[in-house]
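Asks: no sequence for this one, just the structure:
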């Protein structure tokens, strides 16, 4: 019983530790804003023009009989989706916008996976949209909050609350589970051979043959492949970062190492191998310690104000204009 | 009441993720994230690739995403491979190639790529021996014609 109580207390402490509304508000602005900028040039509508032989529905679309819409309907859906992303970013009609962004985004981002291959760059984005859709992310840094303050006649003070913490921690946990699952998959399917064999060297070379969803940014992978110990060290680091990433959830020290290491790992994959993890990287805004950033920024602003006040108090009074 | 709802969402997400990881299954957006998890030991590999044929008979590979968008060079070969594994493979490919041709031409008209107009579209299976400098990208060891379509 005591163990259960302790576990529940730890659960509540992790998810619902009181946090500032501003931290979640800033995450909302940056996440939806950057997602909009990333998705703006992407057009999903051509998927609707392919013949049915290309349609190989994945579990979600098959189970819930989600159809492939015609190109014109997909174009309409994506226009509404991008408008919802904009509204969610600025925080106007935020709740409705975030729900629409989640539902339509799941359809649109899921759509390409029904055409022969499931890729994994956008799952975290879908999960993050889902968490934000049911969160109170509009309580700060939003047009809605500003309008509410105006109606109220004075700024509405939002005390720290667990409601502003759990969506951020949700993205942490989702990212940790994704990294860890990818590490487990490697160890399950290949064991230590994934690290100790020439596997990564061959992969890095093969990726130069135009076989990826994105071209590698560089051909440095060929250099790495020519140096077996570099390739094996990179393979070992990759598996270590992935499988150990959940430690970042519980240890500040581990967080300081694993979170930037995870980001570098994704950049490395993009640069050396090609797969386009840019959307996944957008979710790193949730790892920025906004409370600290805000308090430091706030302290600096107060300090400057104080300096200005002191200077104006010490400065001699301006001479009175002479009257003729 | 809201706290109960949020807790259920959190538990549901963790359970769904853990289920796919433990059972090695994929239920997008949940997944076991199996990308690159196998061990690559062979120095050779095969890949399906589309080639365009111009009016003067010149052949060139459609090996950039801009020729096949919204498909890419990973997803398209895998989709075509799945079609080729089906019993009615010929019918599937006969339907698929005109779609890909139409898309190439649409992208060309929209000036999304600089490729020439096509007189034919061919699907090949290519085989390479991996070169340390990838110097043989344009010279595979083997090319096997799978299908051809002419508009």
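Replies: All right, it came through fine. Here the structure is a predicted model, which is why all the values come from computation and not from measurement. Numbering: from 1, shown residues only, chains lettered A, B, ... in the order given.
Asks: measure residue A:99 to residue A:137 for me?
Replies: Distance, residue A:99 to residue A:137, by C-beta to C-beta, to the nearest Å: 12 Å. Every residue, glycine included, has its C-beta placed from N, CA and C.
Asks: May I ask you to confirm that residue A:230 is in contact with residue A:220?
Replies: No: between residue A:230 and residue A:220 there is no contact under C-beta atoms under 8 Å: 10.4 Å.
Asks: Same drill for residue A:99 and residue A:137, tell me which one is more crowded.
Replies: residue A:137 (30 against 17; other C-beta atoms under 10 Å in any protein chain shown).
Asks: before we move on, could you check phi and psi at that one?
Replies: Here is the backbone geometry of residue A:137 (degrees, to the nearest 10): phi -70, psi -10.
Asks: Give the burial count for the residue lying closest to it once chain neighbours are set aside, as a bare number.
Replies: Sequence neighbours aside, residue A:28 is the residue nearest to residue A:137 in space, at 4.1 Å (criterion: C-beta to C-beta, 6 or more residues apart in numbering or on different chains). Number of residues near residue A:28 (other C-beta under 10 Å) recorded here: 27.
Asks: how close does residue A:28 sit to residue A:97?
Replies: In this view, residue A:28 and residue A:97 are 10 Å apart by C-beta to C-beta.
Asks: quick one: common contacting residues for these two?
Replies: Shared contacts of residue A:28 and residue A:97, defined by C-beta atoms under 8 Å, 6 or more residues apart in numbering or on different chains, comprise residue A:88.
Asks: need the contact list for residue 45.
Replies: I'll assume chain A. Residues in contact with residue A:45 (C-beta under 8 Å, 6+ apart) are A:71-72, A:74-75, A:78.
Asks: not what I meant, chain B
Replies: Residues in contact with residue B:45 (C-beta under 8 Å, 6+ apart) are A:206, A:209, B:127-128, B:130.
Asks: for residue A:284, same thing?
Replies: A:259, A:263.
Asks: Give me the secondary structure label for residue A:296.
Replies: Following DSSP: H, G, I helix; E, B strand; the rest coil, the label given to residue A:296 is helix.
Asks: Would you confirm that residue B:36 contacts residue A:186?
Replies: Yes: judged on C-beta under 8 Å, residue B:36 makes contact with residue A:186 at a distance of 7.4 Å.
Asks: Have a look at those two and say which one is more surrounded.
Replies: With neighbours defined as other C-beta under 10 Å, residue B:36 and residue A:186 compare such that residue A:186 has more, 27 against 21.
Asks: what secondary structure does the more buried one sit in?
Replies: Here residue A:186 is recorded as helix under three-state DSSP.
Asks: wait, doesn't it sit right on residue A:241?
Replies: No: if you go by C-beta under 8 Å, residue A:186 and residue A:241 don't touch, sitting 11.4 Å apart.
Asks: what's the nearest residue to residue 48 if we skip its chain neighbours?
Replies: Went with chain A since none was named. In space, residue A:48 is closest to residue A:71, 3.6 Å off (C-beta to C-beta, 6+ apart).
Asks: Correction: the question concerned chain B.
Replies: Leaving aside its chain neighbours, residue B:48 sits nearest to residue B:77 (4.0 Å; criterion: C-beta to C-beta, 6+ apart).
Asks: ok now do the one you found, which residues does it touch?
Replies: Applying C-beta under 8 Å, 6+ apart to residue B:77 gives the contacts A:211, B:47-49.
Asks: among those residues, which two are most distant?
Replies: A:211 and B:48 (10.2 Å; C-beta to C-beta).
Asks: element containing the residue nearest to residue A:137, please.
Replies: With secondary structure defined by DSSP states H and E, residue A:28 is part of helix A:21-39.
Asks: So which residues lie in contact with that helix, not counting its own?
Replies: If you take C-beta under 8 Å, 6+ apart as the criterion, helix A:21-39 is touched by A:81-82, A:85-86, A:88-91, A:94, A:98, A:101, A:125, A:128, A:132, A:135-142, A:145, A:158, A:160-161, A:164-165, A:167-168, A:278-279, A:282-283, A:285-286, A:290-291, A:294.
Asks: Stretch A:190-205 too?
Replies: Contacts to stretch A:190-205, defined as C-beta under 8 Å, 6+ apart, come from residues A:186-187, A:221-222, A:224-226, A:228, A:231-232, A:234-236, A:238-239, A:272-273, B:36-43, B:130-132, B:134.
Asks: For PyMOL, what selects the buried ones among those?
Replies: Selection of buried members from the contacts of stretch A:190-205 for PyMOL, criterion 16 or more other C-beta atoms under 10 Å in any protein chain shown:
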select buried, (chain A and resi 186+187+221+222+224+225+231+232+234+235+238+239+272+273) or (chain B and resi 36+37+39+40+130+134)
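Asks: Around residue 79, how many other residues sit close by?
Replies: Chain wasn't specified; assuming chain A. Other residues lying near residue A:79 total 12 when counted by other C-beta under 10 Å.
Asks: Let me rephrase: I mean chain B.
Replies: A total of 23 residues lie near residue B:79 under the criterion other C-beta under 10 Å.
Asks: swap in residue A:254?
Replies: Residues near residue A:254, counting by other C-beta under 10 Å, number 16.
Asks: So it: helix, strand or coil?
Replies: Under three-state DSSP, the three-state class of residue A:254 is helix.
Asks: got the contact list for it?
Replies: Counting by C-beta under 8 Å, 6+ apart, residue A:254 has contacts A:244, A:247-248.
Asks: Report the buried members of those.
Replies: Neighbour counting by 16+ other C-beta under 10 Å classes A:244, A:248 among the contacts of residue A:254 as buried.
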